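Visitor: A predicted structure for the sequence below; I have some questions about it.
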There are 2 protein chains.
Amino acid sequence: MSLLIAEYQTQRASLIGNDRSLRRENLTAGLRSDKEFEADRIIRKIRALEAETIWKEEHPSIPHPFPGMEFLTGRSIIVKTQLFEILSKMPKGALLHAHLDATVNAEFLLQLALKYPAMHVRIQQPLSPTNLSTNLPEFKCLPQDQFTDQGSLTDALYTLGSWVSLHDARESFAPELGGKEGFDRWVIGSMTINPSEAYGTHNTITKIWQKFASTFVTSTGLIRVAPIWEEYIREFFLTSIADGISYIEVRINFLYKFMYGADGRENVTHREWLVAVEKVMTEVKAELAQQGRAGEFVGVKVIYSTIRFITPEELKWYLEDCIALKKEFPHLIAGFDLVGDENVYKPLIYYAEALLRFRERVEKEGLDIPFIFHAGETLGDGTEADENLYDAILLGTKRIGHGEKGIARLTSSMPMHPLPAVLNNGVPVVLCSDDPSVFGNMGLTFDYYQVLAASEITGLSTLGALARDSLEFSTLNGDDKRAALTEFERRWNEFIEYVVVEYGK
Amino acid sequence: MSLLIAEYQTQRASLIGNDRSLRRENLTAGLRSDKEFEADRIIRKIRALEAETIWKEEHPSIPHPFPGMEFLTGRSIIVKTQLFEILSKMPKGALLHAHLDATVNAEFLLQLALKYPAMHVRIQQPLSPTNLSTNLPEFKCLPQDQFTDQGSLTDALYTLGSWVSLHDARESFAPELGGKEGFDRWVIGSMTINPSEAYGTHNTITKIWQKFASTFVTSTGLIRVAPIWEEYIREFFLTSIADGISYIEVRINFLYKFMYGADGRENVTHREWLVAVEKVMTEVKAELAQQGRAGEFVGVKVIYSTIRFITPEELKWYLEDCIALKKEFPHLIAGFDLVGDENVYKPLIYYAEALLRFRERVEKEGLDIPFIFHAGETLGDGTEADENLYDAILLGTKRIGHGEKGIARLTSSMPMHPLPAVLNNGVPVVLCSDDPSVFGNMGLTFDYYQVLAASEITGLSTLGALARDSLEFSTLNGDDKRAALTEFERRWNEFIEYVVVEYGK
């Protein structure tokens, strides 16, 4: 090698090194163990190998697969990789952004609802093989005196718009629509988005938001029943813990003022919702403690949410409600948010005065209810929705939900995602699953997988930095945060050991 | 309005104002005339109106149109808008990045080639209605003693691989393949990319690059003939000027060491190519001067290019060739570049030593041949191709061709493009058409249209700033640059006047 090229290589290494030093994981580069560097090399090797093997196979339904391809199409390949298997065992830190009504597997939810005789279903148009995907079921819990003798949704004698017991509707679902299995496919399809919807029939932002919103309308009918809700949140906590998540800040939509009770009456108040959260959390913690796994679960907090289509006057009621709940459950309420399609519903500025008064009030009362706003979940530049980012910042938001342009799961593949550039610039980022039951990305393993697929720079230590930041930017208080981080480090080292021992040969 | 909200609105305006002040067009905000602000308002009004009218109509072949949608699909709507009509009259400054072999309408090129009896065509497989898009024509200029009596490509007696006169091939093209019109469609289709190829059959980066590269193989066969070439570059200059472009830095691929002469011999040297450029440029200038339009065309320079699949040893020959041409045509050679798919061919580091020695040599000889490299035209993060950005910078590139991740025309719609974020951060950007004949975006009007469609912040003054920067970041020397900018301002004011007078009622 000539001197000329040797000097060039030195300059080059220094330029690239300076650039890389901006990345979050390199803040702790000196502190990483040799074993972590080894595990990182192993992971990179498996990623490279699988990119050339499992991702190069042609699949009849997936013409040109590649790691980081649009999620819904690539999902079936991801789950077959060794990388996914390894990442499923990684401790993930916190899940800070997820909407409760979309956190539990739709099939599990349906099975759960089937156990309750009070749960009913109806349709407004006759079902046919061609309208199954648009003729959606509506669910409701009825008190016993309102049960009807309607036995089937698909019988010629069925009166459109009348309620049928969920159990009976399933048992009697017409064979030409697939019978019981057809019923399950129909209901689950109404709560999830499949690739042909995301990339075909609904391939614009507006259309996919419509489909997306409809999945919530359907699933809320099943979830908003106290005994179901309790089992639902238990399942959410347990599956999250199984995925390596040790702490959750979940958004609960408090738009409806009541939930249904077991008796089919719509009279369960918001405070009772939180009592149930507390109860299940305590039970799950006790269960883990008994198994010697107490450290795996720090707990759950709730981000109080309502939808950005209400009036400022209505918002005041919810803000008061949030304050009252915070006073009763100070350890449970983590913050306040407004959710819903930013392009269609109201911008933050529409609510600015109510939000400012809330902030004054909260300060005066010495309460800790930060705003944790959705903003920037839009592709527009300089639109009213885009300006939510300015208002979120001015109103003092603690974190920004989304915050960047590009909604990865829906509109594109990972190579088009701005995340790698954001990571290269050292911006702290937290991975969240958002609405996993709608897209089938339960837990956080899929999200970590996609991040690893999107960049050659990103490695195991990047994932560790992301997981640490999820705890760092949580609303956990000082002591709890330190304890959670200490426990994370213990599990992280175990995980590194596992990677090296199991895959290092 | 309460004091609380009034204060908030003041803070908000100041935050947004500070953010906007980073944008290039706001460096000159104080210098803009009232008339420019008025023209800007008019343009925004038309944009908003057309977004709600022409872009909301449903078209049988375009299910959900929107401004800024993927270019090849949206093109037919763009050309119908008033905005496009207006922008076609805007002075554009310089075109700094375009590959000569893809700058002139494919139909024009075919008509031109048909005038030369020496131009021949052949195929290697029989043509059929189903293989027209993959069974590509090959073109070559033959000396008269090699003309054959083969009369038709589609005759049963045609010998595969033998040359047929282009004229005869067209006249005798089988009726079941569309006759003469079918021949034209076949040839033009081989030099262009249509929406179904870009978004359907070739919808991966690798496949679209293959199709893209094949268009060059085909068109080069027609262009690389001295008399055709001369008319070709004349058409390129004239259509650019008609589109409002006043100065061009064009990349010419010098990979082939000779071009064919009118006699069908492959013996026209690189210096003769440049003699032709100079001749046509001088003629076009004289023509414009005669019409009193001298200011509309500053001239043309050439970026010497070769392809990044050669060896470093071969590169040395081209670098020497470039130096020799620079010495003979100092005003014509603007810089040096290496082109071709970065993901497939060699990275810059592979050539680093030869390029460093070239730089030393050029400095010692007092020549001005900056590198103007392609880099960053890849979606990878941390790949070898992605690292070209580091080498381009270290080797002292004057500009970076592409430089960002995301190849807008092929892979996505404008709302997914990083450009708005780049503009918001005040990074100087120059719009270029790159390979307009392949995609049908002749001139720069389409490019300016897409930029205007991608952001509500972007307005007429942004487009003006982009056009000024195209001259600013050209290789024009001080005096020529100042003169070009002065002339630009004169035309810009004329254009503003036109917008206000024609559309201001």
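Guide: Here it is on my side, so go on.
Visitor: tally of neighbours for residue A:58?
Guide: Residue A:58 has 8 neighbours, counted by other Cβ atoms under 10 Å in any protein chain shown. C-beta here means a position set from N, CA and C on the backbone, and glycine is covered the same way.
Visitor: Kindly apply the preceding question to residue A:5 instead.
Guide: For residue A:5, the count of nearby residues is 16 (other Cβ under 10 Å).
Visitor: Settle this for me: it is touching residue B:355, isn't it.
Guide: No - applying Cβ atoms under 8 Å as the test, residue A:5 and residue B:355 come out as separate, 10.2 Å apart.
Visitor: any idea which element residue A:271 lies in?
Guide: Per DSSP states H and E: residue A:271 is located in helix A:270-290.
Visitor: Output the contacting helices and strands for that helix.
Guide: Counting contacts by 3 or more Cβ pairs under 8 Å, 6 or more residues apart in numbering or on different chains; DSSP states H and E, helix A:270-290 packs against helix A:226-242, strand A:299-307, helix A:312-328.
Visitor: any idea which of the ones you listed is most buried?
Guide: The highest mean neighbour count among the helices and strands packed on helix A:270-290, using mean count of other Cβ atoms under 10 Å in any protein chain shown, belongs to strand A:299-307: a mean of 23.
Visitor: That one versus helix A:270-290: what angle between them?
Guide: 150 degrees (axes from the mean of the first three to the mean of the last three Cα atoms, to 10 degrees).
Visitor: And the residue in the stretch 151-300 of chain A positioned nearest to chain B, how close does it get to residue A:134?
Guide: Of all residues in the stretch 151-300 of chain A, residue A:204 sits closest to chain B, at 4.5 Å by Cβ to the nearest Cβ. Distance of residue A:204 to residue A:134, computed by Cβ to Cβ, to the nearest Å: 17 Å.
Visitor: of the two, who's got more company?
Guide: Neighbours were counted for residue A:204 and for residue A:134 using other Cβ under 10 Å; residue A:204 has more, 15 against 11.
Visitor: Moving C-terminal from the helix or strand of chain A with the lowest mean pLDDT, which element do we reach first?
Guide: Taking mean pLDDT, DSSP states H and E as the measure, the helix or strand of chain A with the lowest value is helix A:408-411, at a mean of 46. Next in sequence after helix A:408-411, counting helices and strands by DSSP H and E, comes helix A:419-424.
Visitor: Any part of that next one near chain B?
Guide: Yes - interface with chain B: helix A:419-424 contributes A:420, A:421, A:424 (Cβ under 8 Å from any Cβ of the partner chain).
Visitor: Beta-bridge partners for residue A:305, please?
Guide: On the basis of DSSP bridges, residue A:305 is bridged to residue A:253, residue A:337.
Visitor: Correction: the previous question concerned residue A:94.
Guide: Under DSSP bridges, the beta-bridge partners of residue A:94 are residue A:247.
Visitor: Help me confirm that it comes into contact with residue A:248.
Guide: Yes - with contact defined as Cβ under 8 Å, residue A:94 reaches residue A:248; the gap is 6.9 Å.
Visitor: if I've got this straight, residue A:14 is in a helix?
Guide: Yes - counting by DSSP: H, G, I helix; E, B strand; the rest coil, residue A:14 falls inside a helix.
Visitor: and the angle for the lengthiest helix in chain A with strand A:299-307?
Guide: Counting by DSSP state H, the longest helix found in chain A is helix A:478-503. Angle, helix A:478-503 to strand A:299-307, by the same axes, to 10 degrees: 110 degrees.
Visitor: Now do the spatially most central residue of chain A, the pLDDT please.
Guide: Centroid check for chain A by Cα atoms, centre = their mean gives residue A:434 as the closest residue, at 2.4 Å. On the pLDDT scale, residue A:434 is placed at 92.
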